[in-house]
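K.L.:
have a look at this prediction, sequence included:
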Amino acid sequence: MNEYRSLNPCCMLSPVPAVLVSCRAAPDARPNALTIAWAGTVCSHPPMVSVSIRPERYSYDLIAQSGEFVINMADAAHAKALDYCGIRSGRDEDKLAACGLTARPMPGMRTAPAIADMPASLGCRVTEMKPLGSHTLFLAEVVSVQVREDLFDADGSMHLERAGLICYSHGVYQRAEGVEGFFGWSVARPEVYRRRMVSYSSDRSDHS
Ligand SMILES: Cc1cc2nc3c(=O)[nH]c(=O)nc-3n(C[C@H](O)[C@H](O)[C@H](O)COP(=O)(O)O)c2cc1C
């Protein structure tokens, strides 16, 4: 049996998604984005997510006042921007311009833009704010979802696993890559398992 080392209680849950959350005070204001690792899915019906944000962040008031934000899921091409937007503040500079990012309209959002060319974006409407301590929990309903066209097969099936999404683990950004299985694979029939796994393979030449 392995031995274990006890650590002080801390937020060790890993890996977590590291996402770029975009927001804007008003439709004609300068858009901003901050990096969030404390984000999660909290309900399926209605679809709801949470983000935890420190009140001192510049984005905090933009989101609290507009009642909206967009979660943009990052890939490796956006990993550097993801870090930059988590280090610099929109209080001091136009971070989107500094990172070469472009804001684009997001369906269902009045003020919050999406970030162009990122793999997927979720338009979120705040339903509740709960101060917890260092962070305030924002609960939000997902009112729109957009996924980049190249992540769909000709038959319409979506392949987020091809996006190389970035996750965050104890201070390190990592690419989510390599498929070990799919929902229900532990009980799938062998032919179903084989057919499905081929569609997740990086070499899909044998997949019609
Ligand atoms: C990987 C990473 C994850 C972060 N996660 C959070 C988070 O979950 N909540 C938060 O309030 N700040 C988080 N931050 C810090 C903010 O993104 C950072 O303070 C940013 O500069 C705030 O931007 P703003 O002032 O333009 O809003 C994170 C930073 C990094 C690099």
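P.N.:
Noted; the coordinates are in hand.
K.L.:
what is the burial count for the closest residue to the ligand within the chain?
P.N.:
Closest to the ligand within the chain is residue 86: 2.6 Å, counting by C-beta to the nearest ligand atom. The way it works is simple: take the backbone N, C-alpha and C, and place the C-beta from them, glycine included. Counted with other C-beta atoms under 10 Å, the neighbours of residue 86 add up to 17.
K.L.:
that one contacts residue 35, doesn't it?
P.N.:
Yes. The pair residue 86 / residue 35 is scored as a contact, 3.0 Å apart, by C-beta atoms under 8 Å.
K.L.:
need the residues touching each of these two.
P.N.:
residue 18 (C-beta atoms under 8 Å, 6 or more residues apart in numbering).
K.L.:
can you give me the strands for the protein?
P.N.:
Remark: strands assigned in the chain by DSSP state E are 16-17, 19-23, 32-36, 39-43, 48-53, 68-73, 103-104, 114-115, 120-131, 136-147, 166-169, 172-175.
K.L.:
contacts made by the third one with the rest, please.
P.N.:
When you say that, I think you mean strand 32-36. 18-24, 51-53, 57-59, 62, 71-72, 82-83, 85-86, 90, 95-96, 101, 115.
K.L.:
from those residues, keep the buried residues only.
P.N.:
With neighbours counted by 16 or more other C-beta atoms under 10 Å, the contacts of strand 32-36 contain buried members at 18-24, 51-53, 57, 59, 62, 71-72, 82-83, 85-86, 90, 95-96, 101, 115.
K.L.:
report the buried residues of the top helix by length along the chain.
P.N.:
Using DSSP state H to define each element, the chain has its longest helix at helix 190-200. For helix 190-200, a neighbour-count test (16+ other C-beta under 10 Å) marks 193, 196, 200 as buried.
K.L.:
that one - what's its average pLDDT?
P.N.:
Helix 190-200 shows a mean pLDDT of 95.
K.L.:
cool, and stretch 104-121?
P.N.:
98.
K.L.:
try stretch 134-148
P.N.:
98.
K.L.:
who's in contact with that stretch?
P.N.:
38, 42, 46-55, 60, 63, 69, 106-109, 114, 117-131, 158, 160, 163.
K.L.:
kindly export that stretch (C-alpha atoms) in CSV.
P.N.:
Coordinates of each C-alpha in stretch 134-148 appear next as CSV, following Å, rounded to 0.1, in the frame of the first residue of the first chain:
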residue,chain,number,x,y,z
SER,A,134,-11.9,35.8,0.3
HIS,A,135,-14.2,35.1,-2.7
THR,A,136,-17.8,35.8,-3.6
LEU,A,137,-19.6,33.0,-5.3
PHE,A,138,-21.6,34.0,-8.4
LEU,A,139,-24.2,31.5,-9.4
ALA,A,140,-25.4,31.9,-13.0
GLU,A,141,-27.7,30.4,-15.5
VAL,A,142,-26.2,29.4,-18.8
VAL,A,143,-28.4,31.2,-21.4
SER,A,144,-26.3,30.5,-24.6
VAL,A,145,-23.6,28.2,-25.7
GLN,A,146,-21.4,28.4,-28.8
VAL,A,147,-18.8,25.9,-30.0
ARG,A,148,-16.2,26.5,-32.7
